[in-house]
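1. Let me see the structure of the following:
(chains A and B)
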Amino acid sequence: MSKGMKEGISGYLFMTPTIFTIGVFVVIPILYAFYLSLNDVQLLGGIGYEFIGLENYTRTLDDTRAMIALKNTAEYVLIVVPVQTCLALLLAAALNSNIRGKNAFRIIFFLPTVTSSAVLTIIFMWMYNPDGLINTFLSFLSLPTYNWLADPDIALKSIMIMNIWATAPFFMVIYLAAMQDISDSVYEAATIDGANWWQKFIFITVPILKPVTFFVVVMGVIGTFQLFDQSYIFSGGSGGPNNSTLTVVLLIYQYAFKSLDMGYASALAVVLAFIIMIVTIIQKKFFGEEKLHD
Amino acid sequence: MKKKTFTKPFVYGILIIYAVVTFMPFLWAILSSFKPLEEIVSGITFFPENFTLNNYTEIFSREPLFLRWMFNSLFITAFMVVLNIIFNSMAGYALARVKFAGRKFWFFLILVVLMIPFQVTLIPSYLILKAFGWLDTYQGLIIPGMVNATFIFMMRQFFLNFPKELEEAAQMDGLSRIGTFFKIVMPLAKPALAAQAVFIFMSSWNDFMRPLIIMSSEEMFTLTLGLNSFKGQYISFWNLIMAASTLMTIPSLLIYAFFNRYFIKGVTFTGGK
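-> Reported below is the predicted structural model:
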């Protein structure tokens, strides 16, 4: 056997598990998802398909719950991503200054990242109880208290607060790693010119970190668009109270696995995937062009 | 100099306040798991006034499946970790080092997979698993997740910088590609494998959505699902729920404590650095 052929065979031997898994559970499902989204799918007994063209897609426009889910998800992304990104950046900057106990802080900050979202949500649900820890603390400070879980105006915000708290430290570590690569000489030059801590942060650190910020924002957007665990556990799967915690992924789950309307659920999933990809491309354009001016 | 003395306490202030904000929910949950129910319903106490371990034993007597859920989670996670480490490294190595026809295409496909939101594949994958008869089974949860595009990509980057001389020496000694990989390359890739293992452990142990969809009988639940149904059943027994939550979190905390530096390495690896 020639050396080239041997290489070819061992290459494919190494790739077999990957090709099988990605083929069967990613590539085929993507094509299958498009097919499902163009059909009315019946799951009784076997699977029955009836081709209905784009009807599943046009149906989303008349679906009030789909619109509510989209609005909730958009609101969630627009608030959570900027707040968690800024918080991550500030925490990283604070940790990167010359202080003691860095490791201890880092270990504590990281606890929410290693804990499951199910456990975090359950702990927060308990703290959010009408007479729970958070309201007790607020009334101790003479601040207004809220019905965090049952008030439709507040419930989504309760999840936002919890998620910002849980995710910001993960992005902080990414920022911190990038900050440690910035050479000291840049800061020394600025110090000689009389720049203070804040000026150095705004005019040196933030611009240098732009590519990292791109990554953090993209990951943040993708993660927040996919919100599911928290709103599912929070509302017992319903998206309540009054649809206020209904997200796009939760709605997809409800249609696919509760109403068994897999065609329509697939159409919603395809729409969600397109939205995520378009937002990512727009962000790349935005950050990419900015970068050219540096 | 004056500015410095102002900034330092300020930075410490921020970090300490945030550390308290982060730590408090955990501390309160753990402390509450040692309180009897009467103490929890009678108002807010911080430290347990009547310290008890009963909650922990009561979980197992009230919910006989709790032990089974723990086993399921451990079993599935162990398989996921081992299979991912081997398969992701094999693919990453082939893409970095082995010259085979179609290599560029497969690498491109991995990059595409990285960008696909997994909700699109969720429903079709469910139907495929149903066709295989793999719903409500261990393999239904393990097989679709036994490779991971992110870590194939990471391993490829790792192997691109791997010293070629070692492999050449091994091949001179008559080892095949596969022998070289398992006997020479893998042992030297330990730090990258550890980072990967920690991440796969966390994501499998903490996964909620996939088990929710695939597992339907209570005996097959993972701990995350079990915890959720336990919460539903014993909604006002917060002492028990907190004890169960604590039990669920201990393995993650142990892994994190032992592999802290690999965890950080993994974050920055996947963080595009």
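
2. Let's see the pLDDT reported for the residue of the stretch 1-150 of chain B found nearest chain A.
-> At 2.7 Å from chain A, B:Phe100 is the closest residue in the stretch 1-150 of chain B, using Cβ to the nearest Cβ. Bear in mind the C-beta positions are built from the backbone N, C-alpha and C, glycine included. pLDDT for B:Phe100: 93.

3. residues touching it, list them.
-> B:Phe100 makes contact with A:7-8, A:10-12, A:15, B:94 under the criterion Cβ atoms under 8 Å, 6 or more residues apart in numbering or on different chains.

4. check which helix or strand covers A:Val41.
-> Following DSSP states H and E, one finds A:Val41 within strand A:39-42.

5. Could you export that strand as CSV, CA atoms only?
-> What follows is strand A:39-42 as a C-alpha-only set of coordinates in CSV (Å, rounded to 0.1, in the frame of the first residue of the first chain):
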residue,chain,number,x,y,z
ASN,A,39,-45.2,20.3,6.1
ASP,A,40,-48.1,19.7,8.4
VAL,A,41,-46.7,16.9,10.5
GLN,A,42,-48.9,14.3,12.2
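
6. The next helix or strand after that strand: how far from the chain's middle?
-> The first helix or strand that comes after strand A:39-42 along the chain, using DSSP H and E, is strand A:48-51. From the chain centre to the centre of strand A:48-51 is a distance of 34 Å (Cα atoms, centre = their mean, to the nearest Å).

7. And for strand A:48-51, what's in contact with it?
-> With Cβ under 8 Å, 6+ apart, strand A:48-51 has contacts from A:35, A:38-42, A:263.

8. average pLDDT for it?
-> pLDDT averaged over strand A:48-51 gives 92.

9. what about the closest residue to chain A within the stretch 151-273 of chain B, distance to A:Ile122?
-> Nearest to chain A in the stretch 151-273 of chain B, going by Cβ to the nearest Cβ, is B:Asn206, at a distance of 3.4 Å. With the distance defined as Cβ to Cβ, to the nearest Å, B:Asn206 ends up 13 Å from A:Ile122.

10. Please list the residues of the stretch 51-200 of chain A that sit near chain B.
-> Applying Cβ under 8 Å from any Cβ of the partner chain, we find that the stretch 51-200 of chain A lies next to chain B at A:90-91, A:94-95, A:97, A:99, A:105-112, A:114-120, A:122-124, A:126-127, A:133, A:136, A:165, A:169-170, A:173-174, A:177-178, A:196-197.

11. Give me the subset of those residues that lies in helices.
-> Within those, residues falling in helices by DSSP state H are A:90-91, A:94-95, A:105-112, A:114, A:117-120, A:122-124, A:126-127, A:133, A:136, A:165, A:169-170, A:173-174, A:177-178, A:197.

12. Give me the buried entries from those.
-> A:90-91, A:94-95, A:105-106, A:108-112, A:114, A:117-120, A:122-124, A:126-127, A:133, A:165, A:169-170, A:173-174, A:177-178, A:197 (16 or more other Cβ atoms under 10 Å in any protein chain shown).

13. What is the burial count for the residue of chain A at minimum distance from chain B?
-> Here chain A gets closest to chain B at one residue, A:Gly11, 2.7 Å apart by Cβ to the nearest Cβ. If you count neighbours by other Cβ atoms under 10 Å in any protein chain shown, A:Gly11 ends up with 21.

14. Quick check: which element contains it?
-> Residue-wise, A:Gly11 maps onto helix A:3-22 under DSSP H and E.

15. which residues touch that helix?
-> By Cβ under 8 Å, 6+ apart, helix A:3-22 touches B:83, B:87-88, B:90-91, B:93-94, B:98-101, B:103, B:106, B:109-110, B:113, B:143-144, B:146-147, B:149, B:152, B:176-178, B:181.

16. can you do 7 Å?
-> Contacting residues not belonging to helix A:3-22 are listed as B:87, B:90-91, B:93-94, B:98-101, B:103, B:106, B:109, B:113, B:144, B:146-147, B:152, B:177-178 [Cβ atoms under 7 Å, 6 or more residues apart in numbering or on different chains].

17. next one: stretch B:248-256
-> So stretch B:248-256 is contacted by A:114-116, A:119, B:198, B:201-202, B:205, B:223, B:227, B:263 (Cβ under 7 Å, 6+ apart).

18. any chance of those in a markdown table, plus pLDDT?
-> A markdown table is the format used below for the contacts of stretch B:248-256 (pLDDT from 0 to 100):
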| residue | pLDDT |
| --- | --- |
| A:Val114 | 91 |
| A:Thr115 | 95 |
| A:Ser116 | 95 |
| A:Val119 | 96 |
| B:Val198 | 92 |
| B:Phe201 | 95 |
| B:Met202 | 94 |
| B:Trp205 | 96 |
| B:Leu223 | 96 |
| B:Leu227 | 95 |
| B:Phe263 | 77 |
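
19. who wins for neighbours among the residues you listed?
-> B:Leu223 (29 neighbours).

20. Let's test this: mean pLDDT of the helix or strand encompassing B:Val82, rounded?
-> Using DSSP H and E, B:Val82 falls within helix B:66-97. Mean pLDDT, helix B:66-97: 97.

21. pLDDT weak spots in the chain?
-> Let's take chain A. Counting by pLDDT under 70, chain A has low-confidence residues at A:288-294.

22. try again with chain B
-> B:1-6, B:269-273.
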